[in-house]
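>>> Using only what follows, build the 3D model:
(one chain, ligands or ions: 2)
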Amino acid sequence: MISSIRLFFFGTGGSWPTQFRNTACLGIRVGDEAILFDVGEGTQTRIMRSTLSMMKIKRIFITHFHGDHYLGLPGLIQTMSLYGREDSLEIYGPVGAIALLSDLLSLGYYSLNFEITIKEMYDGTELDFGDYSVKSFRASHTVPALAYSLKEKDVQKFDEEKIENSKIPRKLLEKIRKNGEIVFNGNIIKMSDLSSGIRLGRKISYSGDTRRDQHLIELFRDSTILVHEATGEKSLQDKVVSYGHSTGEDAALQARDSNSRTLILVHFSPRYNEITPIIEEAKKIFADTLAANDFMEVEVEL
Ligand SMILES: [Zn+2]
Ligand SMILES: [Zn+2]
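Ligands and ions are numbered 1, 2, ... in the order given. Take a look at the predicted model:
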């Protein structure tokens with residue numbers, strides 16, 4: 001069972017870094033391990049200023065190979081190596097990831113003391129990582145791009161009264177949840193004997209760069225938190241869409257149509273010093289909207 005899920009907004013700007021916003025990176029601490037969605041330039045120093053441990057990063061998911069989503073990768077990996085990392089690292093990305101990342105990670109006199117595995121994901125790929133899974137869908141951008149969702153497995157809840165009556169020591173409860181049953185004082189005790197039903201797993205979806213696209217609604221469906229790009233405002237709709245992006249209103253429509261609980265906007269164009277118009281147009285459609293800033297952290301509630 002995953003104790004806590006926490007989001008770290010390491011980069012909330014699009015295109016290029018500014019004084020106030022790094023380019024794309026969302027960190028997620030899932031229980032004791034960490035993953036990243038995208039690694040924009042300068043991600044590693046953002047991580048150093050947070051409570052997320054760089055060495056706990058086990059998996060990195062890249063949405064696409066525009067520079068603002070992956071150029072932080074070589075530096076981050078080199079630092080991990082200089083820190084003496086020995087644990088392997090998994091990197092996932094869209095079609096072309098294996099060729100591109102293999103080249104990127106063999107530049108110069110780069111030497112690593114840990115193993116990196118690179119895998120490509122496609123429209124509908126779902127990978128099971130034990131307590132959670134990650135799914136990818138094709139996004140609608142100007143180059144091959146993916147959106148991702150991370151879904152915690154549904155969890156059986158314990159019924160306090162049933163636990164009391166069974167006299168089972170509490171230290172055995174997680175074992176029962178994990179194995180489905182145990183033998184206690186010669187009797188088989190099943191999870192179903194102690195259960196009060198299911199707690200639905202938390203779900204975090206991440207759009208990467210994309211136009212508003214009906215296809216993604218299924219991926220985003222019932223997200224606890226949808227982190228969606230909102231590059232520009234509605235008055236620039238044609239331009240925003242022609243570059244393969246979404247407006248604040250587009251992001252809000254995706255949140256509403258997918259029945260997501262909370263929408264967090266990211267990837268603001270560097271043209272904006274003030275993003276209020278983008279937030280306002282989103283809130284008109286989807287009230288539970290907030291805009292991310294670099295260094296913001298959000299605990300994902302049950
Ligand atoms: Zn971008
Ligand atoms: Zn892009």
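>>> need the contact list for the residue in the stretch 201-302 of the chain that ligand 2 sits nearest to.
For the stretch 201-302 of the chain, the residue closest to ligand 2 is D209, as judged by C-beta to the ion, at 3.6 Å. Every C-beta, even on glycine, is put in place using the N, C-alpha and C of the backbone. By C-beta atoms under 8 Å, 6 or more residues apart in numbering, the contact set of D209 is 14, 63-64, 66, 69, 139, 141, 145, 229, 231, 244-245, 267.
>>> Would you reformat those residues as TSV and include pLDDT, neighbour count and secondary structure?
Converted to TSV, the contacts of D209 look like this (pLDDT from 0 to 100; neighbours: other C-beta atoms under 10 Å; DSSP: H, G, I helix; E, B strand; the rest coil):
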residue	pLDDT	neighbour count	secondary structure
G14	96	26	coil
T63	98	27	coil
H64	98	26	coil
H66	98	21	coil
H69	98	26	helix
A139	98	26	coil
H141	98	23	coil
A145	98	24	coil
E229	98	31	strand
T231	98	31	coil
G244	98	19	coil
H245	98	28	coil
H267	98	30	coil
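>>> among those residues, which are within reach of ligand 2?
When C-beta under 5 Å from the ion is applied, the members of the contacts of D209 adjacent to ligand 2 are H66.
>>> Give me the pLDDT value at the residue of the chain positioned farthest from its centre.
Residue farthest from the centre of the chain, counting by C-alpha atoms, centre = their mean, is G186 at 44.1 Å. According to the prediction, G186 has pLDDT 88.
>>> Over to Y110?
As predicted, Y110 sits at a pLDDT of 72.
>>> Equivalent analysis for the one 10 residues further on, please.
According to the predicted model, the pLDDT of E120 comes to 98.
>>> Which residue ranges of this protein form helices?
43-48, 67-70, 73-82, 97-104, 160-166, 173-179, 191-194, 217-220, 237-242, 248-257, 276-285 (DSSP state H).
>>> Show me the one of these that comes nearest ligand 1.
Of all the helices of the chain, helix 67-70 sits nearest to ligand 1, with 4.3 Å by C-beta to the ion.
>>> Establish whether that closest one and ligand 1 are in contact.
Yes. Against ligand 1, helix 67-70 shows contacts by C-beta under 5 Å from the ion at D68.
>>> rewinding a little: and among the helices of the chain, the most buried is which?
helix 248-257 (a mean of 24; mean count of other C-beta atoms under 10 Å).
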